[in-house]
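> Give me a model of this one.
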Amino acid sequence: MKKRSRAARSAFTLALTVALTLVAACGGGGNNEPAQRTTEPEKSASEAPEETMKPDAPLTKVKIQLKWVPQAQFAGIFTAKEKGFYEEEGLDVEIIPGGPDVVIEQQVVNGAADIGVTSFDSLLVNRDNGLPLVSVAQVLQKSSYRFVASKESGIDSPHKMKGKKVGMWTGSQQFQVLAFMEKNGLDPAKDVELVKQGFTMDQFFNKQLDVAVSTIYNEYHVVLESGVKEEDLYVYDFEDAGVGMLEDTLIVKEDWLKNNRETAVKAIRATMKGWNYAIANQAESVDIVMAAVTEGSTTKEHQTTMLMEMAKLIKPEGFTDGQVGLFVDDAVRRTVDIALKYGLIKKEPDLAAAMDKSILEDAAK
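Residues are numbered from 1 along each chain as shown. Here you go, the predicted structure:
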């Protein structure tokens, strides 16, 4: 329908008023009771008063940088976008895929992204090196790291890793491995042969590693999906060993947060809502993720398992919806202590500056 001009609307309104006045005068009878209308005139949107015809406010653009390629590790973000949670907060969110050559912290510092997904220990390292970054929500509450060894290897205790080839990711991802070694009385420089492990399990399958590092939500299940049975593996949980470090956390640049605090609160509120929805509706959320992945790069079954395992790390037993994204002081402290012990950071961090807990608190209001 075309909009009438203001003059046309005024003429229409005047004519309607006169007509209704005549109806009231003729139909009232002699008992002074109001005349009854069988139908109520309907006003279309174009006939609404001028002041109600305000255009919608433009959405605020926000870029979220993933630490890896699209997968169920980030299901909460994809679900929040697909279900309209960001839009409900007035945000137009662009999700930027990561990869092996993408440095999340640089993306955020350079302004290529507003919010980034990185590991908490990596945040500590980059702050120690002078980058003005701050975490606004802690996604993973437990370490995802597991060591796996085949039963054939006979490595039925950490001490039997001595003299063996042990896989280790590099970058800022090796420190949980080093802490595990020391916790179990092994000198990583002398007692084991540390081997740089790729982001597949091929070295483990090809017997190039006696012990491989994996995440419970991804590589561990790659092993199982290859046909290896759980009962044929020795599995060592870094969290149970007391050396688990915090992983996925959401970071922003300090000055961006200062100038866009309300936007940050809205983005975190929608993201945590997305994670709670994804955890409660896993089948639907996997379908949402599968629409974003590169065709042929993964399977729905693998992504289903990934989200199931991620849910346990994000919302461990006893956690409520409102606690998703929370900074747990003991876990933060343990991560800092390991980072200091192995020289990942040179000095005690200012945790009050490294984490802004108030964003999540305001998002909960």
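> going forward, measure contacts between C-alpha atoms and count neighbours the same way
Will do.
> And the helix or strand encompassing residue 78, what's buried?
Here residue 78 sits within helix 75-82, counting by DSSP states H and E. The neighbour-count check on helix 75-82 (16 or more other C-alpha atoms under 10 Å) flags 75-81 as buried.
> pLDDT and distance to residue 195 added to the residues you listed, as a markdown table?
Output for the buried residues of helix 75-82, formatted as a markdown table (pLDDT from 0 to 100; distance: C-alpha to C-alpha, whole Å):
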| residue | pLDDT | distance to residue 195 |
| --- | --- | --- |
| 75 | 98 | 31 |
| 76 | 98 | 33 |
| 77 | 98 | 34 |
| 78 | 98 | 35 |
| 79 | 98 | 37 |
| 80 | 98 | 39 |
| 81 | 98 | 39 |
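> from the residues you listed, which is closest to residue 301?
residue 75 (14.5 Å; C-alpha to C-alpha).
> surely that closest one meets residue 286?
Yes - between residue 75 and residue 286 there is a contact at 7.3 Å, judged by C-alpha atoms under 8 Å.
> tell me, what's touching those two both at once?
Common contacts of residue 75 and residue 286, defined by C-alpha atoms under 8 Å, 6 or more residues apart in numbering, comprise residue 307.
> could you pull out the strands for the stretch 1-150 of the chain?
Taking DSSP state E, counting those that start in this stretch, the strands of the stretch 1-150 of the chain run over residues 60-65, 91-96, 115-119, 133-138, 145-150.
> still on that earlier bit, wait, which of the buried residues of helix 75-82 is closest to residue 325?
For those, the nearest to residue 325 is residue 76 (11.3 Å; C-alpha to C-alpha).
> The strands of the stretch 1-150 of the chain into TSV, with extra columns for mean neighbour count, mean pLDDT and distance to residue 205?
Written out in TSV, the entries for the strands of the stretch 1-150 of the chain read as follows (neighbours: other C-alpha atoms under 10 Å; pLDDT from 0 to 100; distance: least, C-alpha to C-alpha, whole Å):
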stretch	mean neighbour count	mean pLDDT	distance to residue 205
strand 60-65	18	98	32
strand 91-96	18	98	32
strand 115-119	26	97	27
strand 133-138	25	98	33
strand 145-150	23	98	10
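> how about these, which one is nearest residue 361?
Of the strands of the stretch 1-150 of the chain, nearest to residue 361 by C-alpha to C-alpha is strand 133-138, at 10.0 Å.
> OK, contacts around residue 152?
Contacts of residue 152 (C-alpha under 8 Å, 6+ apart): residue 232.
> Would you quantify the distance from it to residue 216?
21 Å (C-alpha to C-alpha, to the nearest Å).
> for residue 123, same thing?
The gap separating residue 123 from residue 216 is 22 Å, by C-alpha to C-alpha.
> Pick out whichever of these two has more residues nearby.
residue 123 (26 against 20; other C-alpha atoms under 10 Å).
> Isn't the more buried one up against residue 133?
Yes - counting by C-alpha under 8 Å, residue 123 touches residue 133, with 7.2 Å between them.
> Now for these two: what residues contact both?
Common neighbours of residue 123 and residue 133 (C-alpha under 8 Å, 6+ apart) are 105, 251.
> Please name the residues that touch residue 250.
With C-alpha under 8 Å, 6+ apart, residue 250 has these contacts: 115-118, 135-139.
> Helices of the stretch 101-250 of the chain, start to end?
Applying DSSP state H, counting those that start in this stretch to the stretch 101-250 of the chain gives helices spanning 104-109, 120-128, 175-183, 202-205, 219-225.
> Any idea how far the first one is from the middle of the chain?
Between the mean C-alpha point of helix 104-109 and the mean C-alpha point of its chain there is a distance of 16 Å (C-alpha atoms, centre = their mean, to the nearest Å).
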